[in-house]
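Chemist: Have a look; sequence and predicted model below, questions after that.
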Amino acid sequence: MRNRSAHGWPMLEARESVRNLRAYHPPLGGREGLRLDFNENTVGCSPRVLARLQEITGEEIACYPERDPIEVVVSDFLGTEPKELLLTNGVDEAIHLLCETFLQPGDEALIVVPTFAMYEISAAATGARVITVPAGADFEFPACDLLSRVTPRTRLIAVANPNNPTGSVAEPARLIEIASHAPQAAILVDEAYFEFYGKTLLGQWRSVPNLFVARTFSKAYGLAGLRVGALAGNPEHIQMVSKVASPYNVNGIALACLPTALADQDYISQYVSQVRQGRDELQREFAGWGIRHWPSQANFVLASFGPLKTEFVKSMRSRGVLVRDRSRDYDCDGCVRITLGTTQHTAQLLHALRETLAEIGAKEVTAR
Ligand SMILES: Cc1ncc(COP(=O)(O)O)c(C=O)c1O
């Protein structure tokens, strides 16, 4: 029963789909130390971006931001046409806009679990039914199960590739197959971790028009605080998605800095190569200790510490290294996700990890 005002009118209430949402509060407080908990760049953006920031004038800040010219720059960089691209307030906004554009109550949205939380939140908020498809026993992409869950009501399929928090990937051919099998649905391939993987579906919407690719500048580029990402796809669909977006969705400071960030590819490639090397080292270290972990193509590795997980996270924190407890994610009981950064940060991580494992008695670490 809805509450009534003095006039007998119903009081303000959020939509039922919003009332039923679980709130998502990433643990952002108390993050002093080496931050290996949010998959951010551990040393920050290119120094050239910092120099550009210092040049920004009061006049620039006073103006409403102009997105179009920067969309041309980003399109050039990605090899798309400007009309195939929309810059967004991070990939988070791209997800939200896709859901707003294509979903309505009664529709179905398919997601593979475990995965990034915002797909479920943005899809469920529209009143659509979110159908979760569990990943395989080793978190492998469940292409056949996903295909079998497609119905005429499926209007969104969201896949992070590489996936967060597992680091596992779906082969591009399987994603194309799924998109072709569900032409009535928007297929979002979220390439937030592309730089650490290297395979992309950019441009494939020219043969499979319901395919969208999202990219972020929050991870390898170290711009998470500026909030900027991109959604790319078929021009007619992108035009529809743009209708839902504010013309000023990306702030002027982010737009001013983005061309500089893109121009400094040396910075990105040297950072990415250190992350990839650190990823190999961490996986080897886990293997040496007999700790179950999953091969990752992203800038993090997920590992299982079983019942010792809370002690592990606490002990790492006491050594100044923040890692992320993911045990609440689907099928991730006892799992912790650790972000990789520079060579120096990997050395610091491994030092803390060895001390921690010795302290908590790594031999008791049980498999998932
Ligand atoms: C798969 C995935 N997509 C999107 C995001 C959010 O990206 P952005 O900062 O561009 O909103 C994250 C962040 O953790 C992520 O893991």
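Modeler: Now that the structure is in, tell me what you want to look at.
Chemist: This structure against the ligand: which residues are in contact?
Modeler: Contact residues, the chain versus the ligand (CB under 6 Å from any ligand atom): 39, 90-92, 116, 160, 164, 190, 192, 216, 218, 224, 229. C-betas here are computed from N, CA, C, even on glycine.
Chemist: Show me which pair in those residues is furthest apart.
Modeler: 160 and 224 (16.2 Å; CB to CB).
Chemist: Would you mind telling me which of these two has the busier surroundings?
Modeler: In this view residue 160 and residue 224 are compared by other CB atoms under 10 Å, and residue 160 has more residues nearby, 27 against 18.
Chemist: Could you tell me what pLDDT the model assigned to the more buried one?
Modeler: Here, the pLDDT recorded for residue 160 equals 98.
Chemist: Does residue 264 touch residue 46 like I think?
Modeler: Yes - with contact defined as CB atoms under 8 Å, residue 264 reaches residue 46; the gap is 4.1 Å.
Chemist: Residue 263 against residue 51, yeah?
Modeler: No - counting by CB under 8 Å, residue 263 does not reach residue 51; the two are 11.8 Å apart.
Chemist: More neighbours: residue 264 and residue 46, which one.
Modeler: Taking other CB under 10 Å, residue 264 and residue 46 do not tie; residue 46 has more neighbours (24 against 16).
Chemist: Could you pull up the residues touching the residue of the chain found nearest the ligand?
Modeler: Closest to the ligand within the chain is residue 90: 2.6 Å, counting by CB to the nearest ligand atom. Residues in contact with residue 90, defined by CB atoms under 8 Å, 6 or more residues apart in numbering, are 216, 218, 224, 227, 228, 229.
Chemist: For those residues, could you give me a markdown table that also reports pLDDT?
Modeler: Below are the contacts of residue 90 laid out as a markdown table (pLDDT from 0 to 100):
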| residue | pLDDT |
| --- | --- |
| 216 | 98 |
| 218 | 98 |
| 224 | 97 |
| 227 | 98 |
| 228 | 98 |
| 229 | 98 |
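Chemist: Now tabulate the residues you listed in JSON lines and tack on secondary structure.
Modeler: Output for the contacts of residue 90, formatted as JSON lines (DSSP: H, G, I helix; E, B strand; the rest coil):
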{"residue": "216", "secondary structure": "strand"}
{"residue": "218", "secondary structure": "coil"}
{"residue": "224", "secondary structure": "helix"}
{"residue": "227", "secondary structure": "coil"}
{"residue": "228", "secondary structure": "coil"}
{"residue": "229", "secondary structure": "strand"}
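Chemist: Compare those residues and tell me which is most surrounded.
Modeler: Neighbour counts for these peak at residue 228, which has 28 neighbours (criterion: other CB under 10 Å).
Chemist: so that one makes contact with residue 253?
Modeler: No - using CB under 8 Å, residue 228 makes no contact with residue 253, being 9.6 Å away.
Chemist: Which SSE is immediately downstream of the helix ranked longest in the chain?
Modeler: Ranked by residue count under DSSP state H, the longest helix found in the chain is helix 265-289. Under the assignment DSSP states H and E, the closest C-terminal helix or strand after helix 265-289 is strand 300-304.
Chemist: residue ranges with poor pLDDT in this structure?
Modeler: Residue ranges of the chain with pLDDT under 70: 1-2, 363-368.
Chemist: All the strands of it, residue numbers only.
Modeler: Assigned by DSSP state E, the strands in the chain fall at 34-35, 85-88, 108-113, 129-134, 154-160, 186-190, 211-216, 229-233, 300-304, 321-322, 324-325, 335-339.
Chemist: For the fourth one, name the packing helices and strands.
Modeler: In terms of contacts (3 or more CB pairs under 8 Å, 6 or more residues apart in numbering; DSSP states H and E), strand 129-134 is packed against strand 108-113, helix 118-125, helix 143-148.
Chemist: swap in the second one?
Modeler: Contact partners of strand 85-88 among helices and strands, from 3+ CB pairs under 8 Å, 6+ apart: helix 68-78, helix 90-102, strand 229-233, helix 235-244.
Chemist: Equivalent analysis for the longest one, please.
Modeler: Here strand 154-160 is seen to pack against helix 90-102, strand 108-113, helix 118-125, helix 172-181, strand 186-190 when contacts are counted using 3+ CB pairs under 8 Å, 6+ apart.
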